[in-house]
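K.L.:
Generate coordinates for the sequence data below:
(chains A, B and C)
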Amino acid sequence: MSASRVWAAAALVALAVVPWLLARHQLSLLTDLLIAGLFAMSLDLIMGYTGMVSFGHAAYFGLGAYASALVLLHWAQPVPVALLAGALLAGVVAVPVGWFSTRATGIYFAMLTLAFAQFLYTVAYKWRDLTGGSDGIAGVPKTLLFWGGPSVAAPRAFYFLVAACVVLSFVLCRAVVGSPFGRALQAIRENERRFTSLGRDPRPFKLGVFVIAAVFAGLAGALFAPFRGFASPEVMFWVFSGQGLMMVIMGGIGTLVGPILGAMLFILIQEILSSYTEHWMIFTGVVFVLIVIFLPGGLVGTARRFGVIR
Amino acid sequence: MKRREFLKLSATGAVGASMLTIPPRSWAQGPIKIGMPAALSGSNAQYGIQAKRAAELFAKDVKGKGILGRPVEFVFEDTGGDPATAVRKAQKLVEKDGVKFLTGVALSSEALAVSAKCPEWKVIFMSTINGAGSLTTKSFHRYFFRVNTSGPMGARAVSLYLAEAPMKRFFALGSDYAWGRDSVASFTSQITAVKKEVVGTDFSPVGTKDFASYIAKIRQSKAEGVYLVLAGQDATIYLRQAHQFGLNREVKPIMEILELENMKAVGDPMVGAIGSSRYPFTLDTPKNREFVKRFHELHGMYPDMFDGETYEGLEWLAQVITKVGTDDVEKVIDAWEESTYEGLEGQFLMRKCDHQAVQPGFAVECVKDPKYPHPVPKILATYPGDKVTPKCRTEEFS
Amino acid sequence: MANVLEQLLNALALAGLLFLVSAGLSLVFGILRVVNFAHGVFYMLGAYLGFTAVALSGWFWPALIVVPPVVGTVGALLESSTLRFIYRRPPIYQLLLTFGLALILEESIRVLYGPTAKGVDPPALLQGAVNLGGLLYPRYRLFLVVLSCTVAIAVWLFLSRTRAGLVIRAVAQNSEMADCLGADVARVRTLVFGAACALAGLGGVAAAPMTTAYLGMGISVIVEAFVVVVIGGLGSIVGSMAGSLIVGAAQTWGAFYLPETAMVIVYAVMGAVLVFRPWGLFGEEE
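P.N.:
I've put the predicted structure just below:
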């Protein structure tokens, strides 16, 4: 078996076994980390593989969360239905947003994604009847795995649902990135002018990956709502998008698995530091600045550089 | 060789993971733990910090004797004012630290999210800051208790005062989120019920830093008073800018919450503003004077509204636990319902139907007092609890 | 009539403030190609230092003169110790570095000053209101308009008419060529970054009497500044002026007629501009 297959198998085993090794609150934290990891990985699709920096990715997480919350609270459907609803809503909204935004590049693209995300945030904030307004939707239940099936309310059960979704998403993203579509994306990232000069139009590719990334972000949000039991506008705010960018860089841009680890690192640092001092933001900022300057490849990139992994 | 490598990796992983396991604590006795997932950083930090200050004073006051002879332990966590973080921290407090009581949550949005999980966790959520009416109406559940004056109650106190005041025309300016909208609606319905007029209503986005346009509209409306339901910092900015436009002389600022934080930040331009205070520290009772003195000794400043309300909540909770002889959550809930408490502000009654503490409401005015380094609230009127508390599970008043 | 004049002045005062904040942001992007997320925090630093300066000296005017260079120095020091090392990397790294710096700075200010907002009174000369044909308008806002116009003209003259300005523009166009021709590119970058932060600091000092110095100011202004700069075109001072006027007007009239949607209107304007001119009104094609 090649080294990366060994790592993959080890990770799968660890994921499967860990619920019986961890205390309850640690399992909750791990579930949280996996959801954030899925969000960061989806961002890596556009950021790492296509070279597009989005300031508005949190909006899709939020859309997924709200759709999931409403489906679970008002129609009491099994959780996978809510997940599908969340992913779909995020994807559908990403189409027009992506179409407009990809007309621009670089910082202008980023600003357009920010503008649309803030617009969606404002809608969520003000449409009180549907979204609960600034208070959000609370009391979202964890329902069943499928109609007539077992409940996923138990921490271990829900953890497995999340882990399964993350693993599945990872496999799908890998497939996307390795496909001809994915290679085209990387060509666009490397040199968009040359791509165009070869007679190909980058825009359908950029739009495509934008929507795919949104779908996975929406899935993460749809998992978040029943896990935390609520959806609120804060999860759509641009600060959360910025944190996503930080997670991707910390983990390793353009590696898919890196951002998952980066998300975990980011949240763990905050969790640990904030229990010691109110001023944990300073330390988080310093750690982040150091990583940006000295370890630009993030966790995975640095590991590769030092030959720890391929 | 590859298989051995693989087995070694898995074994290492399993050993490593098992070292993270901490067996859950299951002591029958031991300290009484109160978790405080408060906003200690970010733009709403001033509210979480007030809860923390109150807890610190309370911890000092019960040092040595504790509750039921057991020491009291506060576990603070910083939520940054974000509901998702608040739920995460609260879950950690419940699952890792084993707290049975959660309090000190600063924002209503955080409170709604955290409180919704409390029936699942079987812990008590004690609100000492959160004003949202829905916490005791639509979102009410057995494990929720509200010790503080709610937003509707504050609005009621103001309306009762204004019903007697000579002013007849009001403009309402609220921050565009749940509290602002609900409070303005509540005020509008109450003030029109006493045959007065609301000549204009506006909602400014949270975080507005230039109120010039609103000030222009308020002036044009020829209102005599402007009912303000603005988020803390927005209120500070509005008051200063209105002062610069000379508006405060023409249109009296009436605030649903008249906070010390605003008075310290705005200073003299705020003198003359009236409104309601959830806990005015200038209250002249022996118990309160004592409290203010102890607070000032420990913290070097005077207690603001949430300092006082949080302290009252903690003291009351301690009394209930002492009375029932255990910190078992279900027994505490039963004992707390319909119990009374002699607080800093007067007598409190915990209603069984919605777990809202019925308590006096205060109409206050911001005045200058040479004894203090900043303006302070002077009590204009006190209203008994049953007049300011809405009917059970509704937003209507009797 | 007084109504229209009042709104016009409100829009100008707001635009003036926005210009002071966004001019630096635009310059940093145009010349260093860096999206400076920490820019809002320098604005906040200026406001807080202004508070301290006024508290120490009892006067407002010294604060206006002393604080911007201090803020600029802080910025220059940060640039030369962190940003300088990563210019060759893809832009995302510089952007995120400034994001990290913003976190550090913002929390540091909170440690130093505490969570309560700090009020700053306008100087005696600028207190009160002036009677403009029946309209009572605060003197301080008029001063803001005058100040920002003066600064705008000064910066524009500096960049277009002086030799130093020429060097800066050369570095912006082609840093390698400028380097070959003897310009000290690293020093130019540090100076420009410092100057941009000084401008933001000046904006902060100027804003403090109007809005008080408070902790959320950096976050709340940075998004608006980005919008201004994007509308106007990154790297263009004239663009920043135009963008500030547009955003200031949109916010003022939006707040008057449709207050709850004011920011959405601004975003819509930005979107519309980008549809027709994807590099902003006065920006250059990348």
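K.L.:
check whether stretch A:137-148 contacts chain B.
P.N.:
Yes - counting by C-beta under 8 Å from any C-beta of the partner chain, chain B has neighbours in stretch A:137-148: A:138-139. Using the backbone N, CA and C atoms, a C-beta is placed for each residue, glycine as well.
K.L.:
Report the mean per-residue pLDDT for the strand or helix carrying residue A:290.
P.N.:
Using DSSP states H and E, the element containing residue A:290 is helix A:280-294. The pLDDT scores in helix A:280-294 average 90.
K.L.:
C-terminal to it, what's the next element?
P.N.:
helix A:298-305.
K.L.:
other SSEs contacting that next one?
P.N.:
Counting contacts by 3 or more C-beta pairs under 8 Å, 6 or more residues apart in numbering or on different chains; DSSP states H and E, helix A:298-305 packs against helix A:238-251, helix A:257-276.
K.L.:
list the buried ones in the longest one?
P.N.:
By that I understand helix A:257-276. By neighbour count with 16 or more other C-beta atoms under 10 Å in any protein chain shown, helix A:257-276 contains the buried residues A:257-267, A:269-271, A:273-274.
K.L.:
what does the shortest one give?
P.N.:
Taking 16+ other C-beta under 10 Å as the neighbour-count basis, helix A:238-251 is seen to contain the buried residues A:238, A:240-251.
K.L.:
do stretch C:125-132 as well
P.N.:
Going by neighbour count (16+ other C-beta under 10 Å), the buried part of stretch C:125-132 is C:126, C:129.
K.L.:
same question, stretch A:298-309
P.N.:
Within stretch A:298-309, the residues scored as buried using 16+ other C-beta under 10 Å are A:298-304.
K.L.:
Tell me who's in contact with the residue most central in space within chain B.
P.N.:
Centroid check for chain B by C-alpha atoms, centre = their mean gives residue B:129 as the closest residue, at 1.2 Å. Residue B:129 makes contacts with B:47, B:50-51, B:104-106, B:111, B:148, B:306, B:309-310, as judged by C-beta atoms under 8 Å, 6 or more residues apart in numbering or on different chains.
K.L.:
which one of the buried residues of helix A:238-251 sits closest to chain B?
P.N.:
The shortest approach to chain B among the buried residues of helix A:238-251 belongs to residue A:240, at 8.7 Å (C-beta to the nearest C-beta).
K.L.:
what's the closest non-adjacent residue to that closest one?
P.N.:
Spatial nearest neighbour of residue A:240, chain neighbours left out: residue A:58 (3.9 Å); criterion: C-beta to C-beta, 6 or more residues apart in numbering or on different chains.
K.L.:
Give me the helices and strands touching the helix or strand encompassing residue B:265, please.
P.N.:
Using DSSP H and E, residue B:265 falls within helix B:260-266. Using 3+ C-beta pairs under 8 Å, 6+ apart as the contact test, the elements touching helix B:260-266 are helix B:232-244, strand B:376-383.
K.L.:
Now do residue 110, the pLDDT please.
P.N.:
No chain in the question, so chain A it is. For residue A:110, the pLDDT comes out at 89.
K.L.:
try chain C instead
P.N.:
pLDDT for residue C:110: 90.
K.L.:
where does the nearest residue to it once chain neighbours are set aside land on pLDDT?
P.N.:
Nearest non-adjacent residue to residue C:110, counting by C-beta to C-beta, 6+ apart: residue C:215, 5.8 Å away. We have a pLDDT of 88 for residue C:215.
K.L.:
Now do the same contact list for residue C:215.
P.N.:
Applying C-beta under 8 Å, 6+ apart, we find residue C:215 in contact with B:42-43, B:45, C:44, C:106, C:109-110, C:115, C:117.
K.L.:
Surely residue A:214 is in contact with residue A:62?
P.N.:
No - taking contacts as C-beta atoms under 8 Å, residue A:214 lies outside contact range of residue A:62: 11.1 Å.
K.L.:
Return the set of buried residues in the lowest-mean-pLDDT helix or strand in chain C.
P.N.:
The weakest-scoring helix or strand in chain C, judged by mean pLDDT, DSSP states H and E, is helix C:175-180 (a mean of 79). Judged by neighbour count using 16+ other C-beta under 10 Å, the buried positions of helix C:175-180 are C:175, C:178.
K.L.:
Which strands and helices lie in contact with the helix or strand harbouring residue A:189?
P.N.:
According to DSSP H and E, residue A:189 maps onto helix A:180-190. Where contact means 3+ C-beta pairs under 8 Å, 6+ apart, helix A:180-190 is packed against helix A:192-197, helix A:202-228.
K.L.:
how about a cut-off of 10 Å?
P.N.:
Counting contacts by 3 or more C-beta pairs under 10 Å, 6 or more residues apart in numbering or on different chains; DSSP states H and E, helix A:180-190 packs against helix A:24-47, helix A:155-178, helix A:192-197, helix A:202-228.
K.L.:
tell me the angle of it relative to helix A:202-228?
P.N.:
Taking axes from the mean of the first three to the mean of the last three C-alpha atoms, to 10 degrees, one finds that helix A:180-190 is oriented at 110 degrees with respect to helix A:202-228.
K.L.:
Now helix A:180-190: buried residues?
P.N.:
Applying a neighbour-count criterion of 16+ other C-beta under 10 Å, the buried positions in helix A:180-190 are A:182, A:184-185, A:187-189.
K.L.:
what does stretch C:157-173 give?
P.N.:
In stretch C:157-173, counting by 16+ other C-beta under 10 Å, buried: C:159, C:167-168, C:170-172.
K.L.:
Stretch B:376-392 now?
P.N.:
In terms of neighbour count (16+ other C-beta under 10 Å), stretch B:376-392 has its buried residues at B:376-377, B:380, B:382-383, B:385, B:388-390.
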